[in-house]
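Engineer: I would like the atomic coordinates for the input below:
(one chain, ligands or ions: 1)
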Amino acid sequence: MNTIDTILNHRSIRKYKPDPVPENVLNDMLNAGIRASNTGNMQVYSMIVTRDEALRKQLCGFHFGQKMVEQAPVHITFCADINRFNKWCRMRKAEPGYDNLLWFVNAAIDALLASQNVCVAAEAHGLGICYLGTATYNADKIIELLDIPHGVIPVAAIVAGYPDDNPPLTDRLPMEAVVHYEKYQDYSNEAISALYAERESQEFTKNLLIENNVETLAQVFTERRYATKDNVFFSEKYLGLLKKQGFLNHGE
Ligand SMILES: Cc1cc2nc3c(=O)[nH]c(=O)nc-3n(C[C@H](O)[C@H](O)[C@H](O)COP(=O)(O)O)c2cc1C
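Structural biologist: Prediction:
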């Protein structure tokens, strides 16, 4: 499969065979991550590859018990990382000024560009992957378990391994929902309804409404999956952690 076909065939895999990922395949994935564009070629990110079963079991708990974390042979935590660069600067008579929001954003971008390259490379090798948003929800516990130092914070995690499932492609909104030519074209109510019409009319959606006992698909998100009180709770937790890990100190 060529690169475009690999990308267009992406689907998240949530069931894995126990077969280990060969070392050369893992190295290809990690090299693909390293080859990604990054801020100033400073590479202000780190990738923590966890294959140890006992550690993966503990990580599984921090990822709200998602079974794939225990099942998949590889777990990678992608971190925004100013620790390494700061150390180098200080050893070379240079005073780093990266303990601020701008550099968290830069470092998070670096980490995420690397993570997506890792994922594409994994899929090109016939592996499955799934992102774990829970990496930011329980970043404090992951930091403790994986000995992550000051100046480093998880921004994403993935599992990778050989798929034990072949789910269908999930839908996407039509291209005009997400692409704006020349300037941003804001959405009228009619445009919003048209863009979401197909998704809202699917059988899958109708079943979701029954399962969740709600009236609209939007309510599945706002009331069931990502409710305000959880969003606020985990935002405050992550904000506190950003400060603790040295990303929001603004030179103090
Ligand atoms: C940042 C991020 C966090 C995610 N977290 C989870 C997760 O915790 N559990 C899960 O099963 N899928 C997770 N996913 C996968 C998405 O649900 C999935 O990509 C989306 O539903 C589209 O499906 P597809 O990847 O199969 O095309 C996450 C994806 C992203 C990008």
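Engineer: for the rest of this, base every contact and every neighbour count on C-alpha atoms.
Structural biologist: Noted.
Engineer: who's in contact with the host helix or strand of residue 114?
Structural biologist: Per DSSP states H and E: residue 114 is located in helix 101-124. With Cα atoms under 8 Å, 6 or more residues apart in numbering as the test, helix 101-124 has contacts from 1, 3, 6-7, 10, 25-26, 28-39, 43-47, 78-82, 98, 128-129, 155-156, 160, 247-248, 250.
Engineer: flag every buried residue along that helix.
Structural biologist: 101, 103-104, 106-124 (16 or more other Cα atoms under 10 Å).
Engineer: for whichever helix or strand comes after it, packing partners?
Structural biologist: Downstream of helix 101-124, the first helix or strand assigned by DSSP H and E is strand 128-131. Counting contacts by 3 or more Cα pairs under 8 Å, 6 or more residues apart in numbering; DSSP states H and E, strand 128-131 is packed against helix 101-124, strand 152-161.
Engineer: if we use 6 Å, what do you get?
Structural biologist: strand 152-161 (3 or more Cα pairs under 6 Å, 6 or more residues apart in numbering; DSSP states H and E).
Engineer: got a list of contacts for the helix or strand that the strand it packs on is followed by?
Structural biologist: Per DSSP H and E, the first helix or strand lying C-terminal to strand 152-161 is helix 175-178. Where contact means Cα atoms under 6 Å, 6 or more residues apart in numbering, no residue beyond helix 175-178 reaches it.
Engineer: quick one: the closest residue to residue 96 other than its chain neighbours from the ligand, how far?
Structural biologist: Closest residue to residue 96 apart from its sequence neighbours, by Cα to Cα, 6 or more residues apart in numbering: residue 86 at 5.7 Å. According to Cα to the nearest ligand atom, to the nearest Å, residue 86 and the ligand sit 27 Å apart.
Engineer: same question for the strand or helix carrying residue 86, mean pLDDT?
Structural biologist: Using DSSP H and E, residue 86 sits within helix 83-91. In this model, helix 83-91 has a mean pLDDT of 98.
Engineer: show me which residues of the chain sit near the ligand.
Structural biologist: 10, 11, 12, 130, 131, 132, 133, 134, 170 (Cα under 6 Å from any ligand atom).
Engineer: spit out the contact partners of the fifth one.
Structural biologist: Counting by Cα under 6 Å, 6+ apart, residue 131 touches 157, 158.
Engineer: neighbours around the residue nearest to residue 49 when sequence neighbours are not counted, how many?
Structural biologist: Spatial nearest neighbour of residue 49, excluding adjacent residues (Cα to Cα, 6+ apart): residue 76 at 4.5 Å. For residue 76, the neighbour count with other Cα atoms under 10 Å is 21.
Engineer: do the same with residue 92
Structural biologist: Residue 92 has 9 neighbours, counted by other Cα under 10 Å.
Engineer: could you do residue 167 as well?
Structural biologist: Using other Cα under 10 Å: residue 167 sits among 12 other residues.
Engineer: check residue 18 too.
Structural biologist: Neighbours around residue 18, by other Cα under 10 Å: 14.
Engineer: correct me if wrong: residue 128 contacts residue 166.
Structural biologist: No. If you go by Cα atoms under 6 Å, residue 128 and residue 166 don't touch, sitting 9.6 Å apart.
Engineer: more crowded one of those two?
Structural biologist: residue 128 (26 against 12).
Engineer: now do the contacts for that one.
Structural biologist: Applying Cα under 6 Å, 6+ apart, the residues near residue 128 are 13, 160, 161, 162, 163.
Engineer: among those, the buried ones, what's the ChimeraX command?
Structural biologist: Selecting just the buried residues from those in ChimeraX takes one command, with 16+ other Cα under 10 Å as the test:
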select :13,160,161,162,163
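Engineer: going by distance to residue 69, which of the contacts of residue 128 wins?
Structural biologist: Using Cα to Cα, the shortest approach to residue 69 within the contacts of residue 128 belongs to residue 160, at 9.0 Å.
Engineer: surely the closest one touches residue 129?
Structural biologist: Yes. Proximity of residue 160 to residue 129 meets the contact threshold set by Cα under 6 Å, at 4.4 Å.
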